[in-house]
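Peer 1: next comes the sequence, and after it the predicted model I'd like to discuss.
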Amino acid sequence: MKKRFVVGAVAFVVLLITAPVIVRGDSKDLKTGAFQIQQEVVLPATPEAVYDAVTGDISGWWDHSFSEHPKKLYIEARPGGGFYEIFNDSGDGALHATVIYAERGRMLRFTGPLGLSGQAVNFVTTYEFLPDPAGTKLRLTCNVSGQIEDGQSKIVDAVWHHFLVERLKPYIESGAYKTKSKR
């Protein structure tokens, strides 16, 4: 028993002497919070057509990316599917979000950091496709939580307005969505 203790103690001392030095990093408090934005836009197409336009290849209307010229930008409309940006032929890229609910023509929901990759932040983004006399009312609800800076809610709101009103609406109105690739 005494011999085992001595061997154990010697092994512990040897480990302490030969172990690499552990360097402690600096810590920084992060401001955290949450907010929600909601927007609606009426689009001149059926709920199924609008759903198809905002899934699969979205490069015809989505213009924010990490790569200057992404090879692919698409959303796999199935539970567990990804919102992917593929940079090049090697497959380098980013997973912006993961689809958690997909019902064609009714609802699409995905969760992830979107353009704030690298921050401790999560977006839960829901598209609802509501029948409207003019076509489809697309209702966006975006719940954001985590590392939130002052004024970030206004920026996120403006970016979604850009996507829905300045990019998606003209894309649908032009009919370009009818000829897009599936991926």
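Peer 2: Right, received. Where do you want to start? Here the structure is a predicted model, which is why all the values come from computation and not from measurement.

Peer 1: can you tell me the helix or strand for Glu48?
Peer 2: helix 47-53 (DSSP states H and E).

Peer 1: adjacent strands (with direction) for the helix or strand following that helix?
Peer 2: Under the assignment DSSP H and E, the closest C-terminal helix or strand after helix 47-53 is strand 56-57. Here strand 56-57 is paired, per DSSP bridges, with strand 72-75 (antiparallel).

Peer 1: so how far is the strand it pairs with off the chain centroid?
Peer 2: What separates the centre of strand 72-75 from the centre of its chain is 12 Å, taken as CA atoms, centre = their mean, to the nearest Å.

Peer 1: who touches it?
Peer 2: Contacts with strand 72-75, where a contact means CB atoms under 8 Å, 6 or more residues apart in numbering, come from 54-59, 62, 65, 81-86, 93, 99, 108, 110, 183. To be clear about C-beta, it is placed using only N, CA and C from the backbone, and glycine gets the same treatment.

Peer 1: out of those residues, which end up buried?
Peer 2: Among those, those scoring as buried are 54-59, 62, 65, 81-86, 93, 99, 108, 110 (criterion: 16 or more other CB atoms under 10 Å).

Peer 1: so which of those residues belong to helices?
Peer 2: Per DSSP state H, helices hold no members of the buried ones among the contacts of strand 72-75.

Peer 1: and Leu43, what's its pLDDT?
Peer 2: Note for Leu43: predicted pLDDT of 98.

Peer 1: phi, psi of it?
Peer 2: phi -120, psi 140 (degrees, to the nearest 10).

Peer 1: pretty sure it contacts Val165?
Peer 2: No - at 10.3 Å, Leu43 does not count as touching Val165 under the criterion of CB atoms under 8 Å.

Peer 1: any idea how far Asp132 is from Phe163?
Peer 2: 19 Å (CB to CB, to the nearest Å).

Peer 1: next: Glu128.
Peer 2: 16 Å.

Peer 1: who has more neighbours, the two?
Peer 2: Between Glu128 and Phe163, Phe163 has the larger neighbour count (other CB atoms under 10 Å), namely 20 against 16.

Peer 1: which residue packs closest to the more buried one, ignoring adjacent ones?
Peer 2: Trp62 (6.7 Å; CB to CB, 6 or more residues apart in numbering).
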